[in-house]
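1. sequence and predicted model, in that order:
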Amino acid sequence: MRRRSFVAAAAGLLTAGCSKIAESKLFGGLVDTAERAHRGAHRALGGGGTELAPEYTAADISPFFRGNGSTDVATPEYRAAEAEGFASWQLRVGGLVRRPLVLSLADIRAMPQRTQITRHDCVEGWSAIGQWTGPRLGGMLETAGLQPEARYIVFRCADTLGGAPYYESCDLEDAFHPQTIIAHQLNDAPLPVANGAPLRLRIERQLGYKHAKYLTGIEAVASLEGIGGGGGGYWEDRGYQWYAGI
Amino acid sequence: MSKPPQRHALSTRIWHWANALSFVILFMSGLNISNAHPHLYWGKWGFSPQDAWLSVARFPGWATIPSHYSLAAARDWHVLFAWIFALGLLAYMLAALVNGHFVRDLVARRREWRPGIFAAEIREYLRFNFAHTGGKYGVMQKLAYALVVFILLPLMIFSGMSISPGMGSAWPWLLDLFGGRQSARSIHFLAAWALFAFLLVHVALVLLTGPFGQMRAMILGGQMDRTLDEAA
């Protein structure tokens, strides 16, 4: 009897039951708990959250850096900006900051730079290695001066996918991580369009979809509610984990 | 008359079923994840099917969780049951060390490491005779279980951990041990199929050795003095 009920329960769970379970509040809560536990474990095992993603040598750089997701921004404004080498592209740093900034590419190139050869892991499973150059996001946020209520950093992008604007977000620990940079170069050349020209985020301990491309704005916020679908990012609003270090 | 000792300790039985459930969910959600990029590489990077050492077929809906292609939902199942899989194995290993299960049942004695013993065991298996004299398991069974418990299951867990970029940053030495992230991903895939092959043989042997008694023993504990039905 017990065996029969176990088999029935297992079969139910693994067929039609799966989608019922997946849609339930309880399952959603368990998945969120599991995601937080992974983040906590990664940071605890790494010694408190400042560990660096592996950096590679020039010999490890992959011969090509695959572009994925949006590989272009199909607007006349973007085409015009591309034609002039993004000379008048602006990155706005705002939200819960004391001194909002409007930065040109020249301003960004004039900041202290970090160059790192890192691995990019797509959520689909593939990896590519490239060399990225740009200022640390943490330095920009220090210049702008975060207000005490700021908890998350939101990244605004010029690209859309299926008509919806792309955006991303991270917590302050990742925002101030030494390898989190606003890259304007890939492999010593200006960012190609497919890889997010003229500016993209590098957030090295997380999967590719966190690395927002075609950056137009950086916003400090207290909560992710009311932004996009409230999930903290384009793909997060479509069911992907907000902590993409897994 | 005192109660005879149980064939399977309570900790073993709880882990067995938690592990069976989490393995099936991880395997089937893993097949859905494989469909997102069904190409495997060696080394640190790899993104183009031309560089793949293996491109696998698309796994059909009946074999995946969920039954339609959804990388996001499959990852939800995978990151949740990974905890049950990993912490369950750890708890079982600690319990099996404390209650003597590993030493008593899984360590092959010196007298068992003789070609004659292996040959005799294979002969008996080919005659569908699965009874053992002395000890709970035959030497080949011990080796199969040890391979699963001490090699394949930990390999699944550690290769899975090193695939995650957060863990690859926390423990970069683990990534080096596997020879890079794409190698770790290939090993994760191979170890999953090795475990699936074990599962097929395991279930087949249960069916050949009195499935009712085997299931009852793995659920209720069973009794030590039953000498038949012990191969699976």
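-> Yep, that arrived. In this text, all values refer to a predicted model and were calculated from it rather than measured experimentally. Numbers count the residues shown, from 1 in each chain, chains lettered A, B, ... in the order given.

2. tell me the SS of the closest residue to residue A:90 other than its chain neighbours?
-> Among residues not flanking residue A:90 along the chain, residue A:102 sits closest, at 5.5 Å (C-beta to C-beta, 6 or more residues apart in numbering or on different chains). Placement of C-beta: from N, CA and C, glycine included. On the three-state scheme (DSSP: H, G, I helix; E, B strand; the rest coil), residue A:102 is labelled strand.

3. show the pLDDT at residue A:102.
-> We have a pLDDT of 98 for residue A:102.

4. wait, it sits on residue A:108?
-> No. Between residue A:102 and residue A:108 there is no contact under C-beta atoms under 8 Å: 11.3 Å.

5. higher neighbour count, these two?
-> residue A:108 (20 against 11; other C-beta atoms under 10 Å in any protein chain shown).

6. you'd agree the more buried one is up against residue A:136?
-> No. Assessed by C-beta under 8 Å, residue A:108 is found out of contact with residue A:136, at 11.2 Å.

7. anything in contact with each of residue A:102 and residue A:108?
-> With contacts defined as C-beta atoms under 8 Å, 6 or more residues apart in numbering or on different chains, the residues shared by residue A:102 and residue A:108 are residue A:91.

8. what distance do you get for residue A:35 to residue A:177?
-> According to C-beta to C-beta, to the nearest Å, residue A:35 stands 19 Å off from residue A:177.

9. same check on residue A:60?
-> On the measure of C-beta to C-beta, residue A:60 and residue A:177 end up 21 Å apart.

10. re earlier: who touches the residue nearest to residue A:90 in this structure?
-> So residue A:102 contacts A:90, A:91, A:92, A:93 (C-beta under 8 Å, 6+ apart).

11. mind listing what the residue most central in space within chain A touches?
-> Note on chain A: the residue nearest the mean C-alpha position is residue A:210, at 1.8 Å, using C-alpha atoms, centre = their mean. Taking C-beta under 8 Å, 6+ apart, we find residue A:210 in contact with A:168, A:170, A:201, A:203, A:233, A:244.

12. picking up where we left off before, okay, residue A:60 and residue A:177: which has more neighbours?
-> More crowded of residue A:60 and residue A:177, by other C-beta under 10 Å: residue A:177, with 23 against 18.

13. that one is in contact with residue A:202, isn't it?
-> No. Residue A:177 lies out of contact with residue A:202 (C-beta under 8 Å); the separation is 10.1 Å.

14. for the residue of chain A found nearest chain B, which non-adjacent residue is spatially closest?
-> The nearest approach of chain A to chain B comes at residue A:245, 2.5 Å away (C-beta to the nearest C-beta). For residue A:245, ignoring the flanking residues on the chain, the nearest one in space by C-beta to C-beta, 6+ apart is residue B:166 at 2.5 Å.

15. by mean pLDDT, flag the weakest helix or strand of chain B.
-> helix B:115-126 (a mean of 88; mean pLDDT, DSSP states H and E).
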